[in-house]
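Trainee: Would you be able to build a 3D model of this:
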Amino acid sequence: MIEPIVSSIPSKWRFSKIKATAIICILGFLISLIFSTGAGIHWLEILDYFIANFGLVTIGLIECIILGWIYPIHKLREHANKTSDIHIGIWWDILIKYIIPLILILILSTSIINVIIHPPLNYPIPSLIIGGLTPLLLLFIFSFIFMKEKNLEVR
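Mentor: This next block holds a predicted model:
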């Protein structure tokens with residue numbers, strides 16, 4: 001489960017794979033300690049709700065925007081057609097650029113409206129913000145910070 005993160009760290013920064021694995025596992029352990037407390041199941045429910053309803057949809061939307069509008073999507077389609085037995089047509093470009101982002105925006109908008117009108121899980125609003133919204137925003141912000149950092153070295 002941690003392989004994508006562990007594999008990308010040595011290629012971006014000068015960490016060995018062993019050190020990267022150790023760092024990610026220790027961070028995961030420390031963060032997960034909150035789930036072993038008496039209120040752990042409640043924090044897990046809140047985090048799970050926000051990741052499923054907002055995090056995954058937002059990531060999919062960002063990927064579609066990057067692939068459809070920033071990266072020339074036709075190059076990806078041409079590469080897929082060269083390396084696969086199943087060929088995809090121009091319809092794939094249309095799906096990635098227009099249809100899927102519209103559907104994901106609709107899902108995200110509906111989820112946001114539902115959370116505002118009917119707060120989920122019968123938890124207090126501050127708990128939902130601390131346990132659901134804050135981790136998503138922090139991950140989003142840190143991903144951009146770490147994307148810009150180069151050549152970090154751990155000895």
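Trainee: which residues of the chain fall in strands?
Mentor: Secondary structure of the chain by DSSP state E: no strands are present.
Trainee: Could you pull out the helices in it for me?
Mentor: Using DSSP state H, the helices of the chain run over 3-12, 17-32, 40-50, 56-65, 73-83, 90-94, 100-117, 125-128, 134-148.
Trainee: Rebuild these as TSV, extending it with mean pLDDT and mean neighbour count.
Mentor: Heads up, the C-betas are built off the backbone N, CA and C, glycines and all. Output for those, formatted as TSV (pLDDT from 0 to 100; neighbours: other C-beta atoms under 10 Å):
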stretch	mean pLDDT	mean neighbour count
helix 3-12	82	13
helix 17-32	91	13
helix 40-50	89	16
helix 56-65	91	16
helix 73-83	90	13
helix 90-94	92	13
helix 100-117	92	14
helix 125-128	81	12
helix 134-148	79	11
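Trainee: got the end-to-end distance for stretch 120-137?
Mentor: Taking C-alpha to C-alpha, to the nearest Å, stretch 120-137 runs 19 Å from one end to the other.
Trainee: what about the closest residue to Leu44 other than its chain neighbours, neighbour count?
Mentor: Spatially, and ignoring its direct neighbours in sequence, Leu44 is nearest to Phe35 (5.2 Å; C-beta to C-beta, 6 or more residues apart in numbering). Other residues near Phe35 come to 13 when the count uses other C-beta atoms under 10 Å.
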